[in-house]
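Enquirer: the following comprises the amino acid sequence and a computationally predicted model.
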Amino acid sequence: MSTHPFAAHQAALNAAIERHLPDVQVSFSGGPVFGGLLSRETFDPFGGATVDAARLRLGFLASRAPGLREGQQLLIDGVLHTVAGSVQPDASGWLSVTVHPTAAPVAPLSAYAYA
Amino acid sequence: MLAPAYAIKSRLQALPALGGWSVRVGSEGGERQTLPALDLRCAGARVADSKSGAVQVAPQWLLTLVVARGQGAAEQLDAAMAAVIAALHGWVPGEQGARRWDRLTLVSITEPTFFETGQIGYEMSFDTQAVYLGAAC
């Protein structure tokens, strides 16, 4: 732990948030379960009311998922999610990533007819 | 100007490559969460020709193809795109809304967009045109 007073306060705050405020249970790569904060807001990918989608952001202590990279998966409350976008913890060690439910694989190309 | 929408929708819904897709028209409203989806809407029109008594109005039809990001998504999207071109490019909607519409022409396809929220898609634009009479006729 850092001996810098402010860094120590940040670490204590992050630990308290993880301990008292989590709203989801998360695990990474078969590791132990830890607490995370999941936020959800509406998102229209193409604008113009084309698709009604949700943007999910998950916050947690970066040290709980060492080596996590974009494209890898997290189990959030028992549902597999894919990490999309940047994976950059802030200076205090708190990580916020965008996730989306992992889609089921689609049948190969040969299964489609070209009308 | 919006009359061809339902003829286009019916033609797309009959495509085997779009089986299981939600084909929807912007003007209809309704749920927009189901994927894969093809959203059809009119993106305005240009005036292709103008005479004293009539104008040639050329609406642009925007088709947004969206699938869930993941294994096989690109192939699914490309198969749908090929089927849409085969069905619509050169097709004549004919009489729709008491007006005769010329053949559809593919005008453009945007680059695919990958969203962090788990979708991938692109937009295809088709032109058609019809004559509208003015006051001088």
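Expert: The structure has been received and is ready for your questions.
Enquirer: quick check, residue A:42 in a helix?
Expert: No. Counting by DSSP: H, G, I helix; E, B strand; the rest coil, residue A:42 is not part of a helix but strand.
Enquirer: residue contacts, it?
Expert: With contacts defined as Cβ atoms under 8 Å, 6 or more residues apart in numbering or on different chains, the neighbours of residue A:42 are A:52, A:53, A:54, A:55. C-beta here means a position set from N, CA and C on the backbone, and glycine is covered the same way.
Enquirer: can you tell me which of those residues lies nearest to chain B?
Expert: Nearest to chain B out of these is residue A:52 (Cβ to the nearest Cβ; 4.0 Å).
Enquirer: C-alpha coordinates for the helix or strand that residue A:8 is a member of, CSV please?
Expert: Counting by DSSP states H and E, the element that carries residue A:8 is helix A:5-20. What follows is helix A:5-20, C-alpha atoms only, in CSV (Å, rounded to 0.1, in the frame of the first residue of the first chain):
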residue,chain,number,x,y,z
PRO,A,5,-2.0,9.9,2.6
PHE,A,6,-4.3,10.7,-0.3
ALA,A,7,-3.5,7.4,-2.0
ALA,A,8,-4.2,5.6,1.2
HIS,A,9,-7.6,7.3,1.5
GLN,A,10,-8.4,6.4,-2.1
ALA,A,11,-7.6,2.7,-1.5
ALA,A,12,-9.7,2.7,1.6
LEU,A,13,-12.6,4.3,-0.2
ASN,A,14,-12.4,1.8,-3.1
ALA,A,15,-12.3,-1.1,-0.6
ALA,A,16,-15.3,0.3,1.2
ILE,A,17,-17.2,0.7,-2.0
GLU,A,18,-16.5,-2.8,-3.0
ARG,A,19,-17.5,-4.1,0.5
HIS,A,20,-20.7,-2.0,1.0
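Enquirer: other SSEs contacting that helix?
Expert: Judged by 3 or more Cβ pairs under 8 Å, 6 or more residues apart in numbering or on different chains; DSSP states H and E, helix A:5-20 is in contact with strand A:34-43, strand A:53-61.
Enquirer: same thing but 10 Å
Expert: strand A:34-43, strand A:53-61, strand A:94-101 (3 or more Cβ pairs under 10 Å, 6 or more residues apart in numbering or on different chains; DSSP states H and E).
Enquirer: what's the spacing between residue B:70 and chain A?
Expert: Going from residue B:70 to chain A by Cβ to the nearest Cβ, to the nearest Å gives 3 Å.
Enquirer: ok, that residue touching residue A:81?
Expert: No. Contact criterion Cβ atoms under 10 Å: residue B:70 and residue A:81 do not qualify, at 11.8 Å.
Enquirer: just name the shakiest helix or strand of chain A by mean pLDDT.
Expert: helix A:5-20 (a mean of 91; mean pLDDT, DSSP states H and E).
Enquirer: what residues does it touch?
Expert: A:1-2, A:4, A:34-37, A:59-64, A:90-95 (Cβ atoms under 10 Å, 6 or more residues apart in numbering or on different chains).
Enquirer: next, the buried residues of that helix.
Expert: A:10, A:11, A:14, A:17, A:18 (16 or more other Cβ atoms under 10 Å in any protein chain shown).
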